[in-house]
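Enquirer: only geometry, no sequence info:
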């Protein structure tokens, strides 16, 4: 990070959460507000990915979850937890989020993030980022460097194993993120058909 983008990363946030799924407690929020960027993933897709990754990523109990549904019930709200709680592993910190935390997470997304991308629209998100902040477009920006083993290429996970479970905490935050993303696309005139052609 220091070689490719010297001075481009927050020292306060980096020291607190580097290499982890860390969160924004009150002090980190105050120090970094207005300088944050994120890529958010559809909540149920994120839960399935977490379940499949490293034997149930961030699972807070000693005994593994008996099913994807059980994992989802305890790991729901991971984005809300990261946007409202501190610590290096905020996304898996118990208890489950409160409705107040959901509201705070939405507010923080709106007031503190200068860029919000959508993982399922990666290429368009990269093009929006470049339109907003400049920099040379490179083909590696569009490469899938973290492709999982349980999904088929660029397709989404099959959510049927969740048996109707919906993440009621992260759902509203993701909806807000999608709205912010659409507004950015419109404001900066990013066109999907032309996205990435110059790389």
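Expert: Alright, I've got the coordinates. Just so it is clear, the structure is predicted and the values come from calculations on it, not from any experiment. Numbers count the residues shown, from 1 in each chain.
Enquirer: which residues are in contact with stretch 73-81?
Expert: Residues from elsewhere that reach stretch 73-81 (C-beta atoms under 8 Å, 6 or more residues apart in numbering): 21, 23, 40, 43, 46-47, 50-51, 58-61, 65, 90-94, 96-97, 101-102, 105, 165, 167-170, 173-174. Every C-beta, even on glycine, is put in place using the N, C-alpha and C of the backbone.
Enquirer: Among the residues you listed, name the ones in strands.
Expert: Within these, residues falling in strands by DSSP state E are residue 40.
Enquirer: Report the buried members of the contacts of stretch 73-81.
Expert: 21, 23, 40, 43, 46-47, 50-51, 58-59, 65, 90-93, 97, 101-102, 105, 165, 167, 169-170, 173-174 (16 or more other C-beta atoms under 10 Å).
Enquirer: Now do the helix of greatest length in the chain, average pLDDT.
Expert: Ranked by residue count under DSSP state H, the longest helix found in the chain is helix 170-188. Looking at helix 170-188 alone, the average pLDDT works out to 97.
Enquirer: same deal with stretch 67-76?
Expert: The average pLDDT for stretch 67-76 rounds to 97.
Enquirer: Relative to the whole chain's centre, how far out is it?
Expert: On the basis of C-alpha atoms, centre = their mean, to the nearest Å, stretch 67-76 sits 18 Å off its chain's mean C-alpha point.
Enquirer: Likewise for stretch 117-127?
Expert: Remark: stretch 117-127 is offset 12 Å from the chain centroid, using C-alpha atoms, centre = their mean.
Enquirer: residues of that stretch that come out buried?
Expert: So for stretch 117-127, counting by 16+ other C-beta under 10 Å, buried means 117, 118, 121, 122, 124, 125, 126, 127.
Enquirer: Now tell me what touches it from outside.
Expert: Residues contacting stretch 117-127 (C-beta under 8 Å, 6+ apart): 37-42, 45, 128-129, 137, 141-142, 144, 156, 177-178, 181, 185, 190, 192, 195-196.
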